[in-house]
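A.B. asks: Sharing a model that was predicted from the sequence below.
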Amino acid sequence: MADEKKTEKKETKKAEGSEEAWRIIIHPLLTEKSINVVESQNKLTFNVRLEATKKQIKWAVENALAVKVDSVNTLIDRDGRKRAMVKLTKEFKAADIATRFGML
């Protein structure tokens, strides 16, 4: 009985973590350049919240997509949107994640 409560708590924490992660990540970026980077450099590009830090973005991508992140680079474009280029570790393929999103 106590074990059931513990597993329920873990499952709800995972669900809450995933929801919180998608509050940081707005959506994946689908441009020709970002798709080329997926194939050549194992990187995914996302539009993220303007207030998000690199550590928060790394946490969000790892929790939302169940991958390990090597590095995060950010920039703010002319229109005031923040973009994050997330490099995945070698054991994960960005092309596989992009296929899940329907990018490739």
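C.D. replies: Cool, the structure landed. Numbers count the residues shown, from 1 in each chain.
A.B. asks: Find the residue at the geometric middle of this structure.
C.D. replies: Closest to where the C-alpha atoms of the chain average out (CA atoms, centre = their mean) is Val61, at 2.6 Å.
A.B. asks: and that one, how far is that from Thr74?
C.D. replies: 12 Å (CB to CB, to the nearest Å). C-betas here are computed from N, CA, C, even on glycine.
A.B. asks: overlap in contacts of these two?
C.D. replies: Taking CB atoms under 8 Å, 6 or more residues apart in numbering as the contact rule, Val61 and Thr74 both touch Ala84.
A.B. asks: could you say what helices and strands the helix or strand that Val86 is a member of packs with?
C.D. replies: Assigned by DSSP states H and E, Val86 belongs to strand 82-88. Here strand 82-88 touches strand 43-48, helix 54-65, strand 69-76, going by 3 or more CB pairs under 8 Å, 6 or more residues apart in numbering; DSSP states H and E.
A.B. asks: Next up, the contacts around the residue nearest to Gln56 when sequence neighbours are not counted.
C.D. replies: Leaving out its chain neighbours, the residue that sits closest to Gln56 by CB to CB, 6 or more residues apart in numbering is Ile24, at 5.6 Å. With contacts defined as CB under 8 Å, 6+ apart, the neighbours of Ile24 are 48-49, 52, 56-57, 59-60.
A.B. asks: Same question for Val69.
C.D. replies: Residues in contact with Val69 (CB under 8 Å, 6+ apart) are 58, 61-62, 86-89.
A.B. asks: Now the two most distant members of the residues you listed.
C.D. replies: Using CB to CB, the contacts of Val69 span at most 12.5 Å, a distance reached by Glu62 and Lys87.
A.B. asks: which of the helices and strands packed on strand 82-88 is buried the deepest?
C.D. replies: With neighbours taken as mean count of other CB atoms under 10 Å, the helices and strands packed on strand 82-88 reach their highest mean count in strand 43-48, at a mean of 22.
A.B. asks: Can you dump the C-alpha atoms of that strand in PDB for me?
C.D. replies: Only the C-alpha atoms of strand 43-48 are listed here, as PDB (Å, rounded to 0.1, in the frame of the first residue of the first chain):
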ATOM      1  CA  LYS A  43      21.400  20.100 -32.600                       C
ATOM      2  CA  LEU A  44      17.800  20.900 -32.100                       C
ATOM      3  CA  THR A  45      16.500  24.500 -32.200                       C
ATOM      4  CA  PHE A  46      13.600  25.800 -30.100                       C
ATOM      5  CA  ASN A  47      11.800  29.000 -29.400                       C
ATOM      6  CA  VAL A  48      11.800  29.400 -25.600                       C
END
